[in-house]
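Peer 1: turn this into a structure:
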Amino acid sequence: MSQRETARAATHLEADALTMRALTREADEAAVLRLFLAAPAYTLAVEGRMPCQDDVDDFFDGMPPGKRAADKFMLGFELGAETIGCADLIRAHPEPDCAFLGLLLFDQARQGRGHGRAALGLIETLARGWGATRLRLAAVSSHPRAVAFWRREGFALCSRVSQPRFTGELLVMERAIG
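Peer 2: Here you go, the predicted structure:
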């Protein structure tokens, strides 16, 4: 096995070891702030600024209009005891059979190792348990690496939306949950 093949196999093993758990503000606020600070390329690309506490507040408290707190799930992704990523997922939004992924973020040092794909599998398992048949998200066009990831994962463009908060258009994307 070549060195590259060995590295690729090790990456897949690491991604396979990824676990998901519910996050709470009380227990996990500091860990989520560390993740945002360890992934500054995200807020630089989508809002043109460095990450800050406001991002953490939005992660825990931000909600689409008309949704209840019981429909929002903050998720952490761990390797062993280390939280290396987070996501927020809204149940039954914008329609009853759809789950909306508001954010999927990993520490920049952990990106490109298969964790996003592994996390997506865990997220889809959770959403499927709610009866969701589709997963929707809004990628920001000014973050081409993220847009490319979602396209590779089979998400198709549904619509484009302008939102002054973001440096690019919101690309609303969706795929069926397998």
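
Peer 1: find the centremost residue of this structure, please.
Peer 2: In the chain, the residue lying closest to the centroid (C-alpha atoms, centre = their mean) is residue 104, at 1.1 Å.

Peer 1: residue contacts, residue 134?
Peer 2: Each residue near residue 134 by C-beta atoms under 8 Å, 6 or more residues apart in numbering is listed here: 97-99, 174-177. The way it works is simple: take the backbone N, C-alpha and C, and place the C-beta from them, glycine included.

Peer 1: please convert the buried members of the residues you listed into ChimeraX selection syntax.
Peer 2: Filtering the contacts of residue 134 down to the buried ones (16 or more other C-beta atoms under 10 Å) takes a single ChimeraX command:
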select :98,99,174,175,177
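
Peer 1: now residue 27: phi and psi?
Peer 2: The phi/psi pair for residue 27 (degrees, to the nearest 10) reads phi -90, psi -30.

Peer 1: near it, how many residues? Count them for me, please.
Peer 2: For residue 27, the count of nearby residues is 10 (other C-beta atoms under 10 Å).

Peer 1: check contacts around residue 100.
Peer 2: 64, 89-90, 93-94, 135-137.

Peer 1: so in the chain, where's the weakest helix or strand by average pLDDT?
Peer 2: Every helix and strand of the chain was ranked by mean pLDDT, DSSP states H and E. The lowest is helix 3-16, at a mean of 44.

Peer 1: so which residues of the chain form strands?
Peer 2: In the chain, the strands defined using DSSP state E lie at 19-22, 72-79, 82-90, 98-106, 134-140, 156-161, 170-176.

Peer 1: got CSV for those, with mean pLDDT too?
Peer 2: Converted to CSV, the strands of the chain look like this (pLDDT from 0 to 100):
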stretch, mean pLDDT
strand 19-22, 97
strand 72-79, 97
strand 82-90, 97
strand 98-106, 97
strand 134-140, 98
strand 156-161, 97
strand 170-176, 98
